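Chemist: quick one: sequence plus predicted model below, questions after.
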Amino acid sequence: MDNAPLIGIMQSNRRRRELSNTFFYINDLNLKLFTFAPADIIWSKKEIQGIYLEDGKWIEASFPFPDVIYNRCYRNVRKTIRRLEKYIGKNKCFNLINHFNKWWIYKILSNSIIKDYLPETFPCNKDNIINLLEKYKRFYLKPSLGHKGKGVYLIKLGEDDQKEVYKDTLLPREIITGNDDFFNKIIQYTWGRKYIVQQGVDLAQIDGMYFDIRVLVQKNIVGNWDTTTIVSRIAYHNIFNTSLCQKVYTSVKVFDQLYKCPVKRDKVFEELNKVSLIAARIIEAKRGQLGEMAVDFGLDVTGKLWIIEVNGKPQKTIYDNIEELECKELIYKRPLEYAYYLSKSK
């Protein structure tokens, strides 16, 4: 173990350090692991006051700066990472940024070969809202830096130019008459935050419930992007927001219901794989070194795939209760494999 690579898992604060426990249990690469928060770095001594797991107990200890850092902070710690790179070397920290801005992800991908998979998306303003309502009769209002589906609204154009506002459920929260009142409500919904407006796609359902398709792509032990798993979140009845899901299944199970033809099903999986890996490479080329992301797709009623959003810090716990999923350990192993690869790279 003395010559084993030292890998630091950086969490956003000290309370979250113990959330790294699964990585310790599945570590079979002879890695020395510890977890820490930015506040644990003692710059004057070039050491970190972190914790590690041994025999089921967390032990606090001082560590030198590690060989590689796996960034799990959801906030922007780019300055901390740049400072650490002066000591551990460039490209020894991955996931430089975890909290993806929906608007800049759209701008990056809309100029790429996968642009046709993107719903039209714009910064939230009056002209863009009018444009989307006229063109599609519906749109989504989303925080640019949102997560877990919070703060998402669905707006539909109803009869007599009424605006129907939905929050998570398919029961209107408000029905607004008059443009002035409507735009005043938009200001209330978005107050203090940047929002985007996104084309309202008429999504398919399964057994009367909305679902999405999440493709988890991660770097592997030779440093290449690879698809780890594809799952689907099934929303509750009368809920359009799939972040509020009642169940998560492998997409194979869902697609077996959607597609009677195995050839058609396999082509959709091939398309999901191809587009997700392209998206990962493009985003990494523009935003810096990454090790994993989740690409969320919607399937519309015509069978077309749409990239709904891309997550820079995929929630790993959603996979824990999928009985038929065979690669649960690999989801946690892949970041360690990539860290091992970086530790051996010049």
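Modeler: Sure, I can see it.
Chemist: longest helix anywhere in this protein?
Modeler: For the chain, the helix reaching the highest residue count under DSSP state H is reported as helix 262-287.
Chemist: for residue 83, phi and psi?
Modeler: Dihedral angles phi and psi of residue 83 (degrees, to the nearest 10) take the values phi -70, psi -40.
Chemist: how many neighbours does the spatially closest residue to it that is not a sequence neighbour have?
Modeler: In this structure, residue 83 finds its nearest non-sequential neighbour in residue 43, 7.6 Å apart by C-beta to C-beta, 6 or more residues apart in numbering. For the C-beta atoms, the positions are set from N, CA and C on the backbone; glycine is no exception. Residue 43 has 12 neighbouring residues, counting by other C-beta atoms under 10 Å.
Chemist: ok so, going back, what's the angle from the next helix or strand after the longest helix of the chain to helix 262-287?
Modeler: Going down the chain from helix 262-287, the next helix or strand is strand 292-299, by DSSP states H and E. In terms of direction (axes from the mean of the first three to the mean of the last three C-alpha atoms, to 10 degrees), strand 292-299 departs from helix 262-287 by 130 degrees.
Chemist: and the following helix or strand past strand 292-299, which strands flank it?
Modeler: Moving toward the C-terminus from strand 292-299, the next helix or strand (DSSP H and E) is strand 305-311. Partners of strand 305-311 in the sheet, by DSSP bridges, are strand 292-299 (antiparallel).
Chemist: look at the spatially most central residue of the chain and report its pLDDT.
Modeler: The centroid of the chain falls nearest to residue 311 when counting by C-alpha atoms, centre = their mean (1.6 Å). Per-residue pLDDT puts residue 311 at 93.
Chemist: and the one 4 residues further on, by the same measure?
Modeler: What the model reports for residue 315 is a pLDDT of 87.
Chemist: okay, now it: neighbour count?
Modeler: Neighbours around residue 315, by other C-beta under 10 Å: 12.
Chemist: try the one 3 residues further on
Modeler: Applying other C-beta under 10 Å, we find 17 other residues in the vicinity of residue 318.
Chemist: hmm, it is touching residue 232, no?
Modeler: No. Residue 318 lies out of contact with residue 232 (C-beta atoms under 8 Å); the separation is 10.6 Å.
Chemist: now do the shared contacts for those two.
Modeler: Listed as contacting both residue 318 and residue 232 by C-beta atoms under 8 Å, 6 or more residues apart in numbering are 214, 248.
Chemist: which strand or helix spans residue 342?
Modeler: Using DSSP H and E, residue 342 falls in helix 328-344.
Chemist: now that helix: buried residues?
Modeler: 328, 330-343 (16 or more other C-beta atoms under 10 Å).
Chemist: for that helix, C-alpha coordinates in PDB please.
Modeler: C-alpha atoms of helix 328-344 as PDB (Å, rounded to 0.1, in the frame of the first residue of the first chain):
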ATOM      1  CA  LYS A 328     -24.300  -0.900  -9.400                       C
ATOM      2  CA  GLU A 329     -20.700  -1.300  -8.200                       C
ATOM      3  CA  LEU A 330     -19.300  -0.200 -11.600                       C
ATOM      4  CA  ILE A 331     -21.100   3.200 -11.100                       C
ATOM      5  CA  TYR A 332     -18.900   3.800  -8.100                       C
ATOM      6  CA  LYS A 333     -15.800   2.000  -9.500                       C
ATOM      7  CA  ARG A 334     -15.500   4.000 -12.700                       C
ATOM      8  CA  PRO A 335     -14.400   7.300 -11.000                       C
ATOM      9  CA  LEU A 336     -11.800   5.300  -9.000                       C
ATOM     10  CA  GLU A 337     -10.600   3.600 -12.200                       C
ATOM     11  CA  TYR A 338     -10.300   7.000 -13.900                       C
ATOM     12  CA  ALA A 339      -8.400   8.400 -10.900                       C
ATOM     13  CA  TYR A 340      -6.000   5.400 -11.100                       C
ATOM     14  CA  TYR A 341      -5.500   6.100 -14.800                       C
ATOM     15  CA  LEU A 342      -4.700   9.800 -14.100                       C
ATOM     16  CA  SER A 343      -2.300   8.800 -11.300                       C
ATOM     17  CA  LYS A 344      -0.200   6.800 -13.800                       C
END
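Chemist: pLDDT of it, averaged?
Modeler: Per-residue scores along helix 328-344 average to 95.
Chemist: packing partners of that helix?
Modeler: Helix 328-344 is packed against strand 6-10, helix 21-25, strand 68-71, strand 93-94, strand 213-219, strand 225-235, with contacts defined by 3 or more C-beta pairs under 8 Å, 6 or more residues apart in numbering; DSSP states H and E.
Chemist: just so I know, which of these lies nearest residue 177?
Modeler: strand 225-235 (29.1 Å; C-beta to C-beta).
Chemist: CA atoms only: put that closest one into PDB for me.
Modeler: Provided in PDB are the C-alpha atoms of strand 225-235 (Å, rounded to 0.1, in the frame of the first residue of the first chain):
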ATOM      1  CA  TRP A 225     -15.600   7.900 -22.200                       C
ATOM      2  CA  ASP A 226     -17.900   4.900 -21.900                       C
ATOM      3  CA  THR A 227     -21.600   4.300 -21.100                       C
ATOM      4  CA  THR A 228     -22.100   2.700 -17.700                       C
ATOM      5  CA  THR A 229     -25.800   2.300 -17.600                       C
ATOM      6  CA  ILE A 230     -29.100   3.600 -19.000                       C
ATOM      7  CA  VAL A 231     -32.200   3.800 -16.700                       C
ATOM      8  CA  SER A 232     -35.600   5.400 -16.800                       C
ATOM      9  CA  ARG A 233     -37.300   7.400 -14.000                       C
ATOM     10  CA  ILE A 234     -41.100   6.900 -14.000                       C
ATOM     11  CA  ALA A 235     -43.000   9.900 -12.600                       C
END
